[in-house]
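>>> predicted model and sequence below, questions to follow.
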Amino acid sequence: MKWGVITLFPTMVADALAHGVIGKAIQRGLVAIITFNPRVHATDLHQTVDDRPFGGGPGMLMKVETLRTSIAEAKKALPEAAVVYLSPQGEPLTQAVVREIAERSEIILVCGRYEGIDERVIELDVDHEISLGDFVLSGGEPAAIAVVDAVSRLVPGVLGHASSAIEDSFSDGLLDCPHYTRPEEIAGLKVPDVLLSGHHGDIARWRRKQALGRTWLRRSEILEKQELSDEDQLLLDEFIRETKP
Ligand code: 9WO
């Protein structure tokens, strides 16, 4: 999978993705990240990459010419790519959207800075606008890093066998169950007995019950969107009975 990232801070993106499973995938050639910096297309003495908004007011926008030249350069290097702009105005990113993006071989991400980009650049050059959530960053780079990470881990071979199995078992739209490691007791808090029992069936049922219960407690709208199996409904009923005082 080939990523093009349009950014005024290319090292921020490249350095952030050089670690862990994504860093390994880049070393192994499964994932490639090519950055494009609009600043290299600035022609004036001050290397200007921002411009004033029509209508006035505080803040600046990205300069159109340098930005569009960078996008054109990226499109030439990645001719199959869809162009994605990361902004709070975009379509909310979900694991389902992540899976859709993962079907593409090339993607260009546009990282805004300042107060954003000219609306006509979105109309002319951008295919999809995506948001990670209802908050404002200082620029699109942290969002781009998150998108590259979330999508690239679905590229075959990026995760090891064990991680892939975990990924599969939790791609069912529920929140994760709680996890425990050594020691068996921390400040009086014990590991649930069932996890020490060695009964794999009981452990699987307990984990499923916790996943359902936590989703019910913390994100009820996720459960409202899906039909539970009879077995899951029984586990959730059990969780609710055990939770109520
Ligand atoms: C800055 C600003 C300052 C004063 C008043 C309003 C303002 N809005 C913005 C703003 O939205 N700046 C953006 C910074 C411009 C586009 C890139 N930036 C960005 C992307 N911030 N947050 C994101 C983002 C991207 C994806 N998901 C969540 C947030």
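Thanks, I have it.
>>> select the longest strand from the protein.
The single longest strand within the chain, with elements called by DSSP state E, is strand 82-92.
>>> for this protein, where's the lowest mean pLDDT among helices and strands?
The weakest-scoring helix or strand in the chain, judged by mean pLDDT, DSSP states H and E, is helix 161-169 (a mean of 74).
>>> mind checking pLDDT for the one residue in the chain that gets nearest to the ligand?
Nearest to the ligand, among the residues of the chain, is residue 112, at 2.9 Å (CB to the nearest ligand atom). (Each C-beta comes from the backbone N, C-alpha and C, glycine too.) pLDDT for residue 112: 98.
>>> please apply the same query to the one 5 residues further on.
Residue 117 carries a pLDDT value of 98.
>>> and residue 194, by the same measure?
For residue 194, pLDDT reads 98.
>>> domain parsing for the chain?
2-152, 167-243 (automatic domain parsing).
>>> identify the residue spatially nearest to residue 143, adjacent ones excluded.
residue 86 (4.0 Å; CB to CB, 6 or more residues apart in numbering).
>>> dump the residue contacts of the one you found.
With contact taken as CB atoms under 8 Å, 6 or more residues apart in numbering, residue 86 is in contact with 109, 110, 111, 112, 129, 130, 131, 132, 140, 143, 144, 147.
>>> one more pass at 10 Å, please.
By CB atoms under 10 Å, 6 or more residues apart in numbering, the contact list for residue 86 reads 93, 109-112, 128-132, 137, 139-147.
>>> and residue 21, by the same measure?
Going by CB under 10 Å, 6+ apart, the list of residues near residue 21 reads 31, 149, 152, 153, 158, 159, 160, 163.
>>> let me know the pLDDT of the fourth one.
Note for residue 153: predicted pLDDT of 97.
>>> same thing with the first one?
If you check residue 31, the pLDDT there is 98.
>>> quick one: low-confidence residue ranges for this structure.
165, 168-171 (pLDDT under 70).
>>> what does it put close to the ligand?
59, 86-88, 112, 115-116, 131-133, 135-137, 139-140, 143 (CB under 6 Å from any ligand atom).
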